[in-house]
Structures are given as structure tokens and as C-alpha cells.
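Trainee: got a predicted structure plus its sequence, pasted below:
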Amino acid sequence: MSFVKGLKCRECGAEQPAAPKAICEECFGPLEVTYDYAAVARGFDRDRVASRPRSMWRFRELLPIDGDRILGEEVGGTPLVRADRLAARLGVRELYIKNDAVNFPTLSFKDRVVSVALTKAREFGMTTVGCASTGNLANAVAAQGVRHGFETCILVPEDLEAAKILGTTVFGARLVGVKGDYDQVNRLCSQIADRFGWGIVNVNLRPFYGEGSKTVGFEIAEQLGWKAPANVVCCMAGGSLITKIGKAFGELAKLGFIDKSPTAFHGAQATGCNPIVAAVNDGTGEIRPVKAKTIARSLAIGNPADGYYAARLIKDSGGQAEDASDVEIVDGIRLLAETEGIFTETAGGVTVAVAKKLIEQGRLPRTEPIVLVITGNGLKTIDALVSTAAVYPVIEPRLEAFEKTIARADALAAAAAKPAAAASVTPSSFVTSSKSAVPPAPNHGRTSWPSR
Ligand SMILES: Cc1ncc(COP(=O)(O)O)c(C=O)c1O
Ligand SMILES: [Zn+2]
């Protein structure tokens with residue numbers, strides 16, 4: 001049974017039936033899915049949620065599908081991890097990581113939006129699906145597209161990370177690199193959707209696709225014992241995810257699953273692509289498109305489709321917006337890895353780095369619960385880390401060699417603790433193997449294994 005009422009324009013309020021389109025015919029505003037919440041409330045409660053398998057589809061009454069046929073039933077249900085070691089480093093009391101770096105099947109939150117979009121594409125009778133992508137969406141469309149028997153056609157800027165390209169073509173997807181940035185790819189995809197009638201998940205299926213992001217918020221609230229956190233820090237590209245987490249808490253409050261949301265939403269971008277952060281911080285709320293230049297390529301959207309709404313959510317919720325430089329992004333990735341054992345991609349580095357900055361500046365309260373939304377996996381963006389990778393010892397296969405190495409490591413750690421003595425211990429045995437996958441690197445002051 002469907003609880004979808006239809007599509008509604010976010011600007012002029014015009015309503016229309018659910019169909020594969022994203023833009024209002026009256027005023028060109030973005031369309032959004034609306035639900036019959038009174039009907040949802042009858043028979044949908046916390047117990048019903050708890051009785052279902054742990055996946056994003058526990059919340060199917062609040063997702064825009066018409067039938068029972070779900071594509072991607074296993075997607076979502078990722079851990080919310082209490083992050084005490086990172087909390088101690090940042091000097092905050094209660095910190096959590098929503099870890100979509102381990103989402104199924106392609107290790108980013110984009111698996112969620114694609115599960116909804118492909119379910120919808122099948123309902124609409126489409127046989128080819130595609131997307132304009134900065135990488136993660138490409139991976140998700142390629143993997144789920146092949147699994148559910150769609151033809152795929154995926155367009156990306158030509159200069160994406162190798163892992164994101166390979167993580168698309170390995171599934172046999174048709175991939176097209178475009179000489180241009182994401183915004184040019186997106187424009188081309190709008191023309192393709194019109195010409196070919198394909199389901200371009202973030203173009204003509206966008207209203208449905210976006211709803212998948214709400215499940216990040218639904219899960220956070222459930223995992224906190226049916227409570228919305230006081231603070232959410234979320235990275236932004238198009239600005240859709242952060243707004244949909246806001247919508248999720250609002251819907252749960254409307255249905256009585258949680259108290260009315262007191263959440264402040266804090267938005268994070270890379271300094272090299274920060275149009276939403278700029279719109280918040282200059283006080284105008286107006287998005288001025290930028291040319292992106294950042295290692296966080298998954299966030300490199302210079303003209304964000306939902307930027308205006310993301311900026312408004314941040315302001316209205318009493319949140320903050322901040323950006324992080326490339327060096328800070330890498331430090332953010334390492335900080336999360338070294339404290340919590342979670343390896344995130346550059347987008348997650350942005351989130352951690354911005355959270356750290358906001359806490360240090362007193363803009364994010366140290367005594368209130370904070371959830372960091374970690375959206376993608378570090379194995380996809382190792383390019384960003386290689387030049388700063390820690391050097392590790394390579395030894396002969398003999399016990400004495402190992403003992404010597406350990407003794408030297410201990411001496412180095414002790415010397416590092418007493419800076420004056422550091423010069424007397426040379427890290428000469430800490431070399432990188434010429435056979436190693438990680439090339440010798442200028443390691444920014446790090447001589448060996450990180451000290452604990
Ligand atoms: C890993 C990752 N995190 C966050 C985002 C931002 O999502 P949104 O465009 O909904 O703001 C993206 C978008 O591609 C992404 O790939
Ligand atoms: Zn309109």
C-alpha cells in the first residue's frame with residue numbers, strides 16, 4: 001500500500017501526481033514527495049519498525065513506493081558508533097559516528113538513494129537507469145543496476161579517483177567521462193533524460209531518490225533510543241542529504257516516534273568548494289556558484305541543487321556552517337582512523353575537520369550530544385593520503401631483526417615524548433619497501449607508527 005499523495009513544488013506549492021520529473025511546470029521550483037501522514041500513522045509504530053530486518057526499508061511507510069517490490073532490501077541499517085576516543089581528543093562529552101562508510105553494497109550513503117530510485121524506476125517501467133555523479137553515486141547505480149537487471153549509463157567528470165572509476169566499470173556499467181566539471185555533467189544528464197526517457201536517478205527521479213537519504217535520519221533517531229540528537233554535523237555537496245535528515249526528524253516527530261526535534265544542523269564543505277557555507281556565513285542565504293578545486297571530489301558540486309534549502313535549514317535550526325582546507329581534510333581522515341578505527345573518504349574528512357574546528361571555536365557545544373554523519377569509505381580515496389602515509393619498517397625474516405626494530409620504535413616514541421632528545425635517534429631503519437604499494441613519502445613529521 002502506498003502512502004504517497006504526490007509531488008509538491010517547494011516554491012509555489014503546486015501539486016501533481018507522482019511521475020518521473022523533478023521540476024515544477026509552473027515556476028521551475030524543485031518537486032518534493034508528500035505523504036498522507038494520517039494514513040501512515042494507522043498501524044506504523046516503533047514496534048512495527050523493530051519487528052523488521054535491520055535495513056533502511058524498516059521505514060518503508062515513509063518512502064515513496066507504490067508496490068511491495070523493493071529493490072535493495074539489504075541496504076542501510078549501518079552502525080551508529082559511540083566514539084569516546086574521538087570525543088576525548090575533541091574535548092566533547094557525547095559523540096557518535098553514523099557509519100555509512102560500511103553501507104551495502106558500495107560503501108557510501110548513496111546506496112540508500114539508489115535503492116529507492118531503482119525501485120521507482122521499475123515501477124515506472126524504465127529499463128535503463130543512470131546518473132550524473134561525483135563518484136559514489138556512480139558506484140551505487142552501477143552495482144544495484146546490474147543486480148536488478150537494468151541497463152546502465154553513468155556520466156562523471158573525467159578526472160575522478162581511480163577507485164571510483166574502477167568501482168563503476170567493474171560491474172559492467174556503461175561509463176562516460178565528460179570533459180568538464182560536475183555541473184556540466186549534470187546539465188548534460190538533464191538533456192539525456194529528456195531525449196532518451198531513461199531514469200536518471202538524480203535528475204528526473206530526483207524527488208524519489210532524495211527520500212532515500214531520510215533513512216539516515218530515521219536510523220540515527222532509532223539508534224539513539226528514539227531521540228533526535230542535539231547536533232548533527234553533515235558534509236554537503238548538492239545539499240540534499242542534510243535537508244533530508246532534517247525532514248526525517250520532522251516526520252518522526254509528526255508521527256509521535258520522537259519528541260519535536262531540537263536538532264541543530266551543522267553543514268560542512270571543503271574550502272575549495274564551499275558555496276553553501278558561504279551563503280550561510282555571508283548572511284544572504286543566496287547560493288553563488290563556484291568552480292570547485294578540492295581533494296574532496298565527491299563534494300565538488302559548484303552549483304548545488306538543494307543549496308538554498310540546506311543553507312536555510314542550517315540557519316533556521318541554529319546550526320553553523322564551516323569549511324576545511326585540503327590539509328585539514330587529510331588530518332580529519334587520520335584523526336577518525338587513529339581514534340575510532342574507521343577509515344572514511346575525503347568527504348568524511350571534511351565532516352571531522354569541520355566538527356573539530358567548530359568545537360575549538362566554541363560554535364559546537366562540548367556538553368551536548370553530537371552525531372557526525374560519515375558518508376563514504378576511505379578505500380575509495382587513498383590517492384588523497386598516499387603522500388602523507390606513515391612510513392613503516394621492512395625487515396629481514398629473522399627474530400633479531402624484529403627485536404631491533406621494536407627497540408628502535410620504542411626509542412623513537414620515547415624521544416618523541418621528550419623533544420630535546422629526538423635528534424639523537426635516527427629513524428634510519430624506518431624505510432619503505434621499494435616493493436610496497438605505498439611509495440616513500442614526505443611524511444610531514446611522522447617517522448613511524450603513530451604513538452598512542
Ligand atoms: C561521500 C559523500 N558524502 C556526501 C555527499 C553529499 O551529498 P549531497 O549531495 O546530498 O549533499 C556526497 C555526494 O556525492 C558523497 O558522495
Ligand atoms: Zn512551482
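Mentor: That came in fine, so what should we check first? Ligands and ions are numbered 1, 2, ... in the order given.

Trainee: note down every partner strand of the helix or strand harbouring Val232 and its orientation.
Mentor: Element membership for Val232, per DSSP states H and E: strand 231-235. Listed by DSSP bridges, the sheet partners of strand 231-235 and their directions read strand 264-270 (parallel), strand 370-374 (parallel).

Trainee: outside of it, which residues touch it?
Mentor: Applying CB atoms under 8 Å, 6 or more residues apart in numbering, the set of residues contacting strand 231-235 from outside is 220, 241-242, 245, 263-269, 296, 299, 319, 347-348, 350-351, 354-355, 358, 364-365, 368-373, 375. For every residue, glycine as well, the C-beta is placed using N, CA and C.

Trainee: tell me the SS of the residue of the chain most remote from its centre?
Mentor: Each residue of the chain has a distance to the centre, and by CA atoms, centre = their mean the biggest one is for Glu400: 45.8 Å. Classification of Glu400 using DSSP: H, G, I helix; E, B strand; the rest coil returns helix.

Trainee: which ones are touching the spatially most central residue of the chain?
Mentor: Geometric centre of the chain, nearest residue: Thr375, 2.6 Å, by CA atoms, centre = their mean. Contacts for Thr375 were tallied using CB under 8 Å, 6+ apart; they are 100-101, 108-109, 136, 234-235, 241, 344-345, 347-348, 351.

Trainee: before we move on, back to that, I'd like the strands paired with strand 231-235 as JSON lines, with mean neighbour count and mean pLDDT appended.
Mentor: JSON lines is the format used below for those (neighbours: other CB atoms under 10 Å; pLDDT from 0 to 100):
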{"stretch": "strand 264-270", "mean neighbour count": "28", "mean pLDDT": "98"}
{"stretch": "strand 370-374", "mean neighbour count": "28", "mean pLDDT": "99"}
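
Trainee: need those in TSV with distance to Lys404, can you?
Mentor: TSV is the format used below for the strands paired with strand 231-235 (distance: least, CB to CB, whole Å):
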stretch	distance to Lys404
strand 264-270	43
strand 370-374	39
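
Trainee: of these, which is nearest Asp323?
Mentor: Across the strands paired with strand 231-235, the minimum distance to Asp323, taken as CB to CB, is reached by strand 264-270, at 4.9 Å.

Trainee: distance from that closest one to the middle of the chain?
Mentor: Counting by CA atoms, centre = their mean, to the nearest Å, strand 264-270 is centred 12 Å from the centre of its parent chain.

Trainee: and if you look at stretch 304-324?
Mentor: Distance of stretch 304-324 from the chain centroid (CA atoms, centre = their mean) equals 16 Å.

Trainee: distance between the ends of that stretch?
Mentor: Taking CA to CA, to the nearest Å, the first and last residues of stretch 304-324 lie 18 Å apart.

Trainee: contacts for stretch 135-142, please.
Mentor: Taking CB under 8 Å, 6+ apart as the rule, stretch 135-142 contacts 105-111, 113-114, 118, 129-131, 133, 152, 154, 156, 160-161, 164, 167-173, 175, 201-202, 297-298, 375-376, 380.

Trainee: same thing but at 6 Å, please
Mentor: For stretch 135-142, the external contacting residues (CB atoms under 6 Å, 6 or more residues apart in numbering) are 106, 108, 110-111, 114, 131, 152, 154, 156, 160, 164, 167-168, 171, 173, 298, 376.
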